[in-house]
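**Q** Kindly generate the corresponding structure for this input.
(3 chains)
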Amino acid sequence: MIMAWVALACVVTMLVAGVLVLTQRKLIGAIAAASVVSVALSVLLVVLRAPDVALAEAAVGAGLSSVLLALAVRRVGAVDSKEDT
Amino acid sequence: MLTSRPRWPALLFILGLALLLTALLRDLHFGNAPMQVGQAINGVAAHETGAANVVASVLLAYRGLDTLGELAILFAAATGAGLVLGIAFRNGNGEAQAKTNTEPPAGFILRKGADLMFPFLLILGAYVILHGHLTPGGGFQGGAILAAAFFVPQLARPSSPFNERTAHWVEALAGASFVLIGIAGLAGAGWFLAPLLGTGSVGELLSAGSIPLLQLAIGLKVGSELAGLMIALHGPKET
Amino acid sequence: METLSTATELEWLGWTFYAGSAGLVLLGCYALFAARHALRLLLGLFLLESGVNLFLVAVGFRPDAAAPILVGEQAGSMVDPLPQALILTAIVIGVGVLALGLALAVRVAKEEGTLDLAELGRRLAATHTPATAEETLPQSGRTETP
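**A** Numbering: from 1, shown residues only, chains lettered A, B, ... in the order given. Have a look, this model is predicted:
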């Protein structure tokens, strides 16, 4: 039963963070929200009894992807003045 | 913000897709999907491959050829990114500029934290890779941890050198050893990536035949590739 | 190990996972359609991919089954390992694709000085003759100015 509540909380967190990815004004904030999506997703994968995938999602999705995105934003951030970066 | 105002055609499409997905998911009963290959593999995997982690045995024994293809895709993506970004470092005459980053080092906490974390990240990555056939983990996850271990010092001290030549050699040798292990299985047992070295007893570190070796190859290859990608993207600001 | 008591509870758990994965897919699709900045496009792709990954792992779930890792001489049933192995590789391919896209975006920003997709589309159209501009630019709807 407690698994179902954990899953519900994680799904709500994930979807709220997903909406934030689309609505954040700053790109770096959107990337942070995408990282939150990945962390919540990895908890959901543990609930689904997929610890291998959860470990990969936490290390690759939440960690490396966000770092790559943040590095790219750091490089191109000053270029685009019209879009809020 | 994505856009200043909502895009009505896109919203209409999303609505239609939501209806379609709801209709599809209504008939897909959660918890008893009609899939039998997985159950069959669950029954025989420990006996056939000797790995306690069934996902690792699917990844490296039953579907090992797919994993080789996946490594090829990752290699192509990393090569493409290196190609696209590498040109940026050359000036008009085609000669490579100095790649060393001239930014000042980061603050005290990040520098000391990076020094402190580096050996522990290495140990954690090696543990996750080498116990991939026993516990959750394996080459991909451990490779990501290793890449982070080699990238964090770079973040702390942008001027510190990262030996890309060594990284390329490690990547090439790891990829080649994966293929060589597969060919050795072809020569020994008659099919590609056939388990070598005997299965051993399930649950011990030295078991599962060639799966730990394959995990090590994947871990080194993925780690050096991802570290190379992060180093390539970690350039100076384009202004 | 947690067991689910009733069939209704299992159904609710299933709809929770389905709602999460479908919601991520829809958000990602919307981002792909409505993005005006190239990095927003990649973020949308990331969300879409996460949703598909969650859905495929959820399909392999079975109640009263353990994670697919043998502990001792356990003989109970385990969840389906095939979707998990598939998604494990999909995640790593996803980060490779993301890195390639980011590298292209950085390169485009260096060459063109902007990552605004409407602006880039306009420049692409300007480099072609007007007769072929419509064919080479299927997303010409983006060229409208707000």
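**Q** Low-confidence bits of chain C, can you list those?
**A** Chain C contains residues with pLDDT under 70 at C:1-5, C:72-76, C:129-146.
**Q** go again using 80 as the cut-off
**A** For chain C, residues meeting the criterion pLDDT under 80 lie at C:1-7, C:64-77, C:112-115, C:128-146.
**Q** now do chain B
**A** In chain B, residues with pLDDT under 80: B:1-6, B:29, B:31-36, B:38-39, B:42-51, B:86-106, B:157-165, B:188-209, B:234-239.
**Q** so, in contact with chain A or not, the helix ranked longest in it?
**A** In chain B, with assignment by DSSP state H, the single longest helix is helix B:164-188. No. Counting by Cβ under 8 Å from any Cβ of the partner chain, no contacts exist between helix B:164-188 and chain A, the nearest distance being 15.6 Å. Bear in mind the C-beta positions are built from the backbone N, C-alpha and C, glycine included.
**Q** how far is that helix from where the chain is centred?
**A** 15 Å (Cα atoms, centre = their mean, to the nearest Å).
**Q** residues in contact with it?
**A** Helix B:164-188 is contacted from outside by B:64-65, B:68, B:71, B:75, B:191-196, B:210, B:213-214, B:216-221, B:224-225, B:227-228, B:231, using Cβ atoms under 8 Å, 6 or more residues apart in numbering or on different chains.
**Q** redo that, cut-off 6 Å
**A** With Cβ atoms under 6 Å, 6 or more residues apart in numbering or on different chains as the test, helix B:164-188 has contacts from B:Phe192, B:Leu193, B:Ala194, B:Leu196, B:Ser210, B:Leu213, B:Ala217, B:Leu220, B:Lys221, B:Ser224, B:Glu225, B:Gly228.
**Q** The fifth one against B:Ala194, yeah?
**A** No. With the criterion set as Cβ atoms under 6 Å, B:Ser210 and B:Ala194 do not qualify as a contacting pair; they are 8.5 Å apart.
**Q** Compare neighbour counts for the two and give me the winner.
**A** Shown here are B:Ser210 and B:Ala194; by other Cβ atoms under 10 Å in any protein chain shown, B:Ser210 has more neighbours (22 against 18).
**Q** that older thread, may I see the buried residues of the following helix or strand past the longest helix of chain B?
**A** Going down the chain from helix B:164-188, the next helix or strand is helix B:211-233, by DSSP states H and E. Neighbour counts over helix B:211-233 (16 or more other Cβ atoms under 10 Å in any protein chain shown) mark B:211-233 as buried.
**Q** Let me know whether the helix or strand hosting B:Gly43 sits next to chain A.
**A** Using DSSP H and E, the element containing B:Gly43 is helix B:37-49. No. Helix B:37-49 stays clear of chain A (Cβ under 6 Å from any Cβ of the partner chain), getting no nearer than 12.1 Å.
**Q** Need the residues that contact that helix.
**A** B:Val54, B:Ser57, B:Ala61, B:Pro195, B:Val202, B:Ala208, C:Leu70, C:Met78, C:Asp80, C:Pro81, C:Leu82.
**Q** The helix or strand B:Ile123 falls within vs chain C: in contact?
**A** In the assignment (DSSP H and E), B:Ile123 maps to helix B:108-130. No. Helix B:108-130 does not reach chain C (Cβ under 6 Å from any Cβ); its nearest approach is 13.1 Å.
**Q** got the contact list for the residue of chain C found nearest chain B?
**A** Nearest residue of chain C to chain B (Cβ to the nearest Cβ) works out as C:Gly14 at 2.4 Å. By Cβ under 6 Å, 6+ apart, C:Gly14 lies in contact with B:Phe30.
**Q** Please identify the buried residues of the strand or helix carrying it?
**A** Using DSSP H and E, C:Gly14 maps to helix C:7-34. Within helix C:7-34, the residues that count as buried by 16+ other Cβ under 10 Å are C:10, C:13-14, C:16-34.
**Q** Also stretch C:115-133?
**A** Here stretch C:115-133 shows C:Leu115, C:Asp116, C:Leu117, C:Ala118, C:Glu119, C:Leu120, C:Gly121, C:Arg122, C:Leu124, C:Ala125, C:Ala133 as buried, counting by 16+ other Cβ under 10 Å.
**Q** ok, and of those residues, which contact chain A?
**A** Among these, the ones lying near chain A by Cβ under 6 Å from any Cβ are C:Leu115, C:Asp116.
**Q** coming back round to it: from the contacts of helix B:164-188, which is closest to chain A?
**A** B:Glu225 (11.0 Å).
**Q** List the contacts of that closest one.
**A** B:Leu74, B:Ala78, B:Glu171.
**Q** Residue of chain B closest to chain C, please.
**A** For chain B, Cβ to the nearest Cβ, closest residue to chain C: B:Phe30, 2.4 Å.
**Q** What separation is there between that residue and C:Leu54?
**A** Per Cβ to Cβ, to the nearest Å, B:Phe30 is found 13 Å from C:Leu54.
**Q** Which one's more surrounded, the two?
**A** The neighbour comparison of B:Phe30 against C:Leu54 (other Cβ under 10 Å) goes to C:Leu54, with 29 against 20.
**Q** Kindly confirm my reading that that one is in a helix.
**A** Yes. Under DSSP: H, G, I helix; E, B strand; the rest coil, C:Leu54 falls within a helix.
**Q** Now do the contacts for the residue nearest to it when sequence neighbours are not counted.
**A** Nearest residue to C:Leu54 in three dimensions, chain neighbours excluded: C:Ser21, at 4.2 Å (Cβ to Cβ, 6 or more residues apart in numbering or on different chains). Contacts for C:Ser21 (Cβ under 6 Å, 6+ apart) come out as C:Gly51, C:Leu54, C:Phe55.
**Q** want to try TSV for these, with distance to A:Val16 as columns?
**A** Shown next, in TSV, are the contacts of C:Ser21 (distance: Cβ to Cβ, whole Å):
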residue	distance to A:Val16
C:Gly51	15
C:Leu54	15
C:Phe55	19
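**Q** distance between the ends of stretch B:32-43?
**A** Across stretch B:32-43, the terminal residues are separated by 17 Å (Cα to Cα, to the nearest Å).
**Q** in it, what's buried?
**A** Result for stretch B:32-43 [16+ other Cβ under 10 Å]: buried residues B:Ala33, B:Gly38, B:Gln39, B:Ile41, B:Asn42.
**Q** What segments of chain A are helices?
**A** Going by DSSP H, chain A shows helices at A:2-23, A:27-47, A:51-56, A:65-76.
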